[in-house]
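S.K.: what's the 3D shape of this:
(chains A and B)
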There are 2 protein chains.
Amino acid sequence: MASTFALLITPVADFDIRDTYADTFSVIDASAPALSVGELSTQRGDGIFESIGVSGGHPQEVMPHLERLAHSARLCDLPLPNIEQWREAIAIAADACGEGEWVIKLILSRGIEHGPTPTAWVTAAPAGDFAAARRDGISVVTLDRGFDSGAPGRAPWLLLGAKTLSYAVNMAAIREAKRRGADDAVFVSSDGILLEAPTASLVIRVGDRFVTPRPGAGILHGTTQISVFSFLQAKGYEAVYETLPASALPRVDAAWLVSSVRLAAPIHTVDGTTLPMDSALTAELNAYLLSPRD
Amino acid sequence: MASTFALLITPVADFDIRDTYADTFSVIDASAPALSVGELSTQRGDGIFESIGVSGGHPQEVMPHLERLAHSARLCDLPLPNIEQWREAIAIAADACGEGEWVIKLILSRGIEHGPTPTAWVTAAPAGDFAAARRDGISVVTLDRGFDSGAPGRAPWLLLGAKTLSYAVNMAAIREAKRRGADDAVFVSSDGILLEAPTASLVIRVGDRFVTPRPGAGILHGTTQISVFSFLQAKGYEAVYETLPASALPRVDAAWLVSSVRLAAPIHTVDGTTLPMDSALTAELNAYLLSPRD
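M.R.: Residues are numbered from 1 along each chain as shown, chains lettered A, B, ... in the order given. All right, here's what the predicted structure looks like:
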């Protein structure tokens, strides 16, 4: 749904919480013109972002999201975000969220072309209704991500571990999945290694072991996936990072796509093959993901 | 340099040149807020673009640029641009260009998130001064593009032949080149095939043959490169598309990066190896590229 709240941020290296907000924060109309056509986010997809789930007014996993924003900034040679300033911006946005589930987006752009500073803003919007996906599951198709699993290590300029605004391929992969009659995609490296979904992490279950592809292999380290691992480990399960061949996916005991807003969506079908679903565990997992988490 | 002119466009399927512009064109302040934070160009790099060189008030190669815009739209499942409407928008922008060299950018975004229509605009700005690059040449480093030369054929969702707004990797590659002390980069596929530069096409010379990597191999079909081929063929040279191994580049008789605004920049060094330059031919080529072309 469209954003109902937006806050422009003037990124500063030194942020004093005791100062008035007026200097670095400016609430704007989310549907009104706010960015110039010179914005490099819009001209070049040149910037980074995070999507934070908000449940009952509580923004989830704020620090892991801000740490990943800083990690993306480093990979993209952007000025490091001031964590205190962004925490305050998220708190202001969270105050603007109503009941139920919302999403707060953080965007840090390289700024205006030839301009001196980055541009940054935060938005808040009601989340979509993902009850059916969480309960009934989703179908996925595997799609080739084009690069082999060695590419992220040898070519950091591919920005494969950064959450950049250049998401045209991620969006095209979701359209391709829908064209094939599926709900979502799971990317596979050109040498057949499971990676991630265009906007979610993959978690699979084999027996009492839960496995996620290694974040080093050119995929994002999922904040929700980290929460899911905490939940599973607290229940006594083993939860680990491993290199998984694509051929393993149709033979797992269960699989989920996990992300900040849709949360845990069990996969019921992969490339036409039915997967088992554990409805009780999935419900418990989503209840946990909806509870306040820091 | 910053844009000095901007025109917002309401894309329409049917455009009647006799209608007043007021319905679909709106001149705006290029440095003022114009786009909302809900723009998918800015959130997802989800859109396409073209950069058109303007020389002495004449926008160069308008139809090849519009044909490539339409090609990119097809690959990205965007509504096809109305060619007449865009031609008129370019003519209006060209009228706003002053003496010397300018650049007109066309942007077609998927629009506002959850919105009904694409967003589109055209800008005009004075071009940078590329006299030194055209005369003295540039140094380049080869950089791995991550994908193998078969990827574009088997995975169209990678959008490798589309000129999308998701250019973060292209920008990162140029930063990596400068970090290595070079001026620009030349992408190589993971299986060692020469591709293109982040914002230019590669043309090499071996004897009296001129060669450009095949556009089918996941690279853009360069509008300037097409012009360069016309120029060379009119002079009696052979100019062809071929698959070229990266190992060939340091051994060519000459090489250029050609693009709409910098035009033909001869490469004097590739990965530390000096290449011969043909100053007379390069000067003649750039004079041709600066002459009015359609």
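
S.K.: next, the nearest residue to residue A:238 once chain neighbours are set aside: phi, psi?
M.R.: Of all residues not flanking residue A:238 in the chain, residue A:209 sits nearest, at 4.8 Å (C-beta to C-beta, 6 or more residues apart in numbering or on different chains). The way it works is simple: take the backbone N, C-alpha and C, and place the C-beta from them, glycine included. When quoted as degrees, to the nearest 10, the phi and psi of residue A:209 stand at phi -110, psi 140.

S.K.: residues near residue A:209, how many?
M.R.: Look at residue A:209: counted by other C-beta atoms under 10 Å in any protein chain shown, it has 14 neighbours.

S.K.: domain parsing for chain A?
M.R.: Here the domain assignment for chain A is A:5-126, A:131-290, based on automatic domain parsing.

S.K.: can you show me the strands along the stretch 51-200 of chain A?
M.R.: A:58-59, A:101-109, A:119-126, A:138-144, A:184-188 (DSSP state E, counting those that start in this stretch).

S.K.: hmm, the third one in reach of chain B?
M.R.: Just to be clear, that refers to strand A:119-126. Yes: Strand A:119-126 reaches chain B (C-beta under 8 Å from any C-beta of the partner chain) through A:121, A:123.

S.K.: and that strand, what other elements does it pack with?
M.R.: In terms of contacts (3 or more C-beta pairs under 8 Å, 6 or more residues apart in numbering or on different chains; DSSP states H and E), strand A:119-126 is packed against strand A:5-9, helix A:83-95, strand A:101-109.

S.K.: any idea of the mean pLDDT in that strand?
M.R.: Across strand A:119-126, pLDDT averages out at 97.

S.K.: near chain B, which residues of the stretch 51-200 of chain A?
M.R.: Proximity of the stretch 51-200 of chain A to chain B (C-beta under 8 Å from any C-beta) is limited to residues A:76-77, A:105, A:107, A:109-110, A:112-115, A:121, A:123, A:143-148, A:151, A:154-160, A:162, A:164-173, A:175-176, A:190.

S.K.: so of these, which ones are in helices?
M.R.: A:151, A:154, A:168, A:169, A:170, A:171, A:172, A:173, A:175, A:176 (DSSP state H).

S.K.: the second one contacts residue B:144, correct?
M.R.: Yes: assessed by C-beta atoms under 8 Å, residue A:154 is found in contact with residue B:144 at 6.2 Å.

S.K.: compare the two (neighbour count), which wins?
M.R.: residue B:144 (19 against 11).

S.K.: leaving out sequence neighbours, find the closest residue to the more buried one.
M.R.: Counting by C-beta to C-beta, 6+ apart, the residue nearest residue B:144 is residue A:155, at 4.4 Å.

S.K.: and if you look at residue A:290?
M.R.: Excluding the flanking residues, the one nearest residue A:290 by C-beta to C-beta, 6+ apart is residue A:55, at 4.8 Å.

S.K.: and residue A:262, by the same measure?
M.R.: Counting by C-beta to C-beta, 6+ apart, the residue nearest residue A:262 is residue A:130, at 4.5 Å.

S.K.: and the pLDDT at that neighbour?
M.R.: 98.

S.K.: now do the contacts for it.
M.R.: By C-beta atoms under 8 Å, 6 or more residues apart in numbering or on different chains, the contact set of residue A:130 is A:261, A:262, A:263, A:265.

S.K.: taking the stretch 151-294 of chain A, what residue is nearest to chain B?
M.R.: residue A:166 (3.4 Å; C-beta to the nearest C-beta).

S.K.: correct me, but that residue touches residue A:45?
M.R.: Yes: using C-beta under 8 Å, residue A:166 makes contact with residue A:45 at a distance of 3.5 Å.

S.K.: hey, what's in contact with both of those two?
M.R.: Common neighbours of residue A:166 and residue A:45 (C-beta under 8 Å, 6+ apart) are B:45, B:165, B:166, B:167, B:168.

S.K.: of these, closest to chain A?
M.R.: Once C-beta to the nearest C-beta is applied, the member of these that ends up nearest chain A is residue B:45, at 2.4 Å.

S.K.: now do that closest one, the pLDDT please.
M.R.: As predicted, residue B:45 sits at a pLDDT of 96.

S.K.: that one: neighbour count?
M.R.: 28.

S.K.: looking at it, it is touching residue A:167, isn't it?
M.R.: Yes: if you go by C-beta under 8 Å, residue B:45 and residue A:167 touch, sitting 5.8 Å apart.

S.K.: give me the common contacts of those two.
M.R.: A:45, B:166.

S.K.: quick one: contacts for the closest residue to residue A:98 other than its chain neighbours?
M.R.: In this structure, residue A:98 finds its nearest non-sequential neighbour in residue A:126, 7.1 Å apart by C-beta to C-beta, 6+ apart. For residue A:126, the contact set (C-beta under 8 Å, 6+ apart) comprises A:1, A:4, A:98, A:100, A:101, A:102, A:103.

S.K.: residue of chain A closest to chain B, please.
M.R.: residue A:45 (2.4 Å).

S.K.: got a list of what residue A:143 touches?
M.R.: By C-beta under 8 Å, 6+ apart, the contact list for residue A:143 reads A:173, A:176, A:177, A:185, A:186, A:187, A:188, B:155, B:157.

S.K.: kindly apply the preceding question to residue A:268 instead.
M.R.: Contacts of residue A:268 (C-beta under 8 Å, 6+ apart): A:136, A:137, A:138, A:139, A:274, A:275, A:277.

S.K.: just the buried subset of those residues, please.
M.R.: The neighbour-count test (16 or more other C-beta atoms under 10 Å in any protein chain shown) marks A:137, A:138, A:139, A:275, A:277 as buried among the contacts of residue A:268.

S.K.: beta partners of the second one?
M.R.: Think residue A:138. For residue A:138, the beta-bridge partners are residue A:267 (DSSP bridges).

S.K.: please tell me how far it sits from residue B:131.
M.R.: Distance of residue A:138 to residue B:131, given as C-beta to C-beta, to the nearest Å: 56 Å.

S.K.: poorly predicted segments of the stretch 151-294 of chain A, please.
M.R.: Residues of the stretch 151-294 of chain A meeting the criterion pLDDT under 70: none.

S.K.: nope, the stretch 1-150 of chain A is what I meant
M.R.: For the stretch 1-150 of chain A (pLDDT under 70), the answer is A:17-22.

S.K.: can you tell me the helix or strand for the nearest residue to residue A:33 once chain neighbours are set aside?
M.R.: Of all residues not flanking residue A:33 in the chain, residue B:33 sits nearest, at 4.2 Å (C-beta to C-beta, 6+ apart). For residue B:33, there is no enclosing helix or strand under DSSP states H and E.

S.K.: might one say that residue B:33 is in contact with residue A:38?
M.R.: No: the criterion here is C-beta under 8 Å, and residue B:33 misses it with residue A:38 at 10.8 Å.

S.K.: neighbour count: these two, which is higher?
M.R.: residue A:38 (21 against 16).

S.K.: burial count for the nearest residue to residue A:52 once chain neighbours are set aside?
M.R.: Among residues not flanking residue A:52 along the chain, residue A:104 sits closest, at 4.4 Å (C-beta to C-beta, 6+ apart). Residues lying near residue A:104 (other C-beta under 10 Å) number 30.

S.K.: ok, what's across the strand from residue A:104?
M.R.: residue A:52, residue A:124.

S.K.: quick one: it and residue A:57, what's the gap?
M.R.: 11 Å.
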